[in-house]
Every structure is written in structure tokens, then in C-alpha cells.
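Asks: what follows is a predicted protein model with its sequence.
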Amino acid sequence: MLLPRFTLRTGLAGLTIGVLLAIVVREAAIEEPWAIGVLVAIGAAALSLILQAATLGVSLLLSRGGKEPRQ
């Protein structure tokens with residue numbers, strides 16, 4: 001199966017998170033200080049996760065040392 005099965009609970013949780021994020025973005029657009037802070041924190045956390053994943057990928061590639069994978 002290409003797509004994993006999701007439950008109604010998972011869909012509703014995702015929808016709730018999306019709605020909360022949309023509210024924060026809307027409030028940040030009208031320059032509410034708390035919303036700008038929350039948006040910066042979410043962006044910083046996302047950037048941190050992306051950089052950690054990229055660093056892990058580079059370290060895994062470098063650890064092979066240009067050798068062929070084992071069979």
C-alpha cells in the first residue's frame with residue numbers, strides 16, 4: 001500500500017494543529033507581539049530539525065568513505 005492508514009483521530013489532530021497555526025500566522029500578520037514570538041519559535045524549531053537532518057545525511061555519506069555498499 002502506498003499510503004499509510006490514518007484514523008479519524010489523526011486527521012482531526014492534524015486539522016486542529018493546522019487551524020492553530022493559521023490563527024497564529026493571522027495574528028502575526030496584524031503584528032501581535034505574542035504571535036510573532038510563537039511564529040519565530042516554530043520557525044527556529046523547524047530550521048533546527050532540517051539542519052540536524054542535513055548534518056546526519058552528510059555524516060552518513062562521509063562515513064562510507066567512497067566505498068561500495070556491502071552485499
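Replies: In hand now; what should we look at?
Asks: contacts, neighbours, all on C-alpha from now
Replies: Fine.
Asks: sec struct for Trp34, please.
Replies: helix (DSSP: H, G, I helix; E, B strand; the rest coil).
Asks: which SSE is the residue nearest the centre of the chain in?
Replies: Most central in the chain under CA atoms, centre = their mean is Ala46, positioned 4.9 Å from the mean C-alpha point. Here Ala46 sits within helix 33-64, counting by DSSP states H and E.
Asks: packing partners for that helix?
Replies: With contacts defined as 3 or more CA pairs under 8 Å, 6 or more residues apart in numbering; DSSP states H and E, helix 33-64 has these neighbours: helix 8-29.
Asks: now the helix holding Ala46 and helix 8-29, what's the angle there?
Replies: 120 degrees (axes from the mean of the first three to the mean of the last three CA atoms, to 10 degrees).
Asks: okay, buried residues for helix 33-64 please.
Replies: 35-36, 39 (16 or more other CA atoms under 10 Å).
Asks: got these as a markdown table, with distance to Thr55 and pLDDT columns?
Replies: Shown next, in a markdown table, are the buried residues of helix 33-64 (distance: CA to CA, whole Å; pLDDT from 0 to 100):
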| residue | distance to Thr55 | pLDDT |
| --- | --- | --- |
| Ala35 | 30 | 95 |
| Ile36 | 28 | 95 |
| Leu39 | 24 | 95 |
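Asks: out of those, the closest to Arg5 would be?
Replies: Using CA to CA, Leu39 comes nearest to Arg5 of those, at 30.5 Å.
Asks: from the chain's centroid, how far away is the helix holding Ala46?
Replies: Distance, stretch centre to chain centre, for helix 33-64: 8 Å (CA atoms, centre = their mean, to the nearest Å).
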